[in-house]
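# Okay, here's the prediction I keep looking at, along with the sequence it came from:
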Amino acid sequence: MNEPHPKVAEALAALVITHEIISCESEYADTAEFCREDGYPLETSANTIIVTSTRGEKVYCACLVQASVRLDVNHVVKRLLGASRVSFASADETRELTGMEIGGVTVFGLPANLPFYADVALKSQPYIIVGSGNRTSKVRMSPDQLGKIPNCSFIEDLSIT
């Protein structure tokens, strides 16, 4: 079995997150391919997306939404960041900020000062699957475990269908 990124494993242990590690093939690490290959519904998988302001001082946040929906970047996230313009962080910015591989970015092990917004709709799922910091494993857990992350805020309408 493939282990999560060491920083992610440390965060899971420190936060006492009840979870299961699921192995995946690197070429199927992207959410849609993972769900198709391993038979998981898209709505039970969640994507961690790093968003940044594009004007003025750079500010970042992490957002977690179901893989079956889109993040409302232009309205909700823009308001949450208090920025006039926002965009998805580039792959390079995401790697630099998180230290994680693209396709494996997760909400565990992020910088402590990075705001983290989770879509309240995640709470309606029996379980969610998130990245593990690399492309060879995933973390499966109950969505209520997200509340153990100190800077987690559940947000209504963070996603658009």
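Looks like it came in fine.

# Need the mean per-residue confidence for stretch 100-115.
In this model, stretch 100-115 has a mean pLDDT of 93.

# List the buried residues in that stretch.
By neighbour count with 16 or more other Cβ atoms under 10 Å, stretch 100-115 contains the buried residues 100-101, 103-110, 115. C-beta: built from backbone N, CA, C; applies to glycine.

# Please apply the same query to stretch 14-29.
For stretch 14-29, a neighbour-count test (16+ other Cβ under 10 Å) marks 17, 19, 21-22, 24, 28-29 as buried.

# how long is that stretch from one end to the other?
25 Å (Cα to Cα, to the nearest Å).

# Same check on stretch 152-161?
Stretch 152-161 stretches 22 Å from its first residue to its last (Cα to Cα).

# now stretch 70-78
14 Å.

# Widest-spaced pair of the buried residues of stretch 14-29?
For these, the maximum inter-member distance is 23.8 Å, found between Ile17 and Tyr28 (Cβ to Cβ).

# what about Gly133, how many neighbours?
27 (other Cβ atoms under 10 Å).

# right, and it touches Arg95 too?
No: between Gly133 and Arg95 there is no contact under Cβ atoms under 8 Å: 11.1 Å.

# Pull up the overlap in contacts between those two.
Common neighbours of Gly133 and Arg95, using Cβ atoms under 8 Å, 6 or more residues apart in numbering, are Glu101.

# which SSE is the residue of the chain most remote from its centre in?
Distance from the C-alpha centroid of the chain, by Cα atoms, centre = their mean, peaks at Gly56 (25.2 Å). Using DSSP states H and E, Gly56 sits within no helix or strand.

# what separates it from Val16, distance-wise?
38 Å (Cβ to Cβ, to the nearest Å).

# Tell me, what's the model's pLDDT at the residue most central in space within the chain?
Nearest to the mean C-alpha position of the chain, counting by Cα atoms, centre = their mean, stands Thr48 at 2.0 Å. Note on Thr48: pLDDT of 97.

# now swap in the one 10 residues further on and tell me
Predicted confidence (pLDDT) for Lys58: 92.

# OK, contacts around it?
Thr52 are the contacts of Lys58 under Cβ under 8 Å, 6+ apart.

# ok, it to Pro4 distance?
28 Å.

# now the buried residues of stretch 14-29 as CSV including secondary structure?
Listed next are the buried residues of stretch 14-29 as CSV, based on DSSP: H, G, I helix; E, B strand; the rest coil:
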residue, secondary structure
Ile17, coil
His19, strand
Ile21, strand
Ile22, strand
Cys24, coil
Tyr28, helix
Ala29, coil
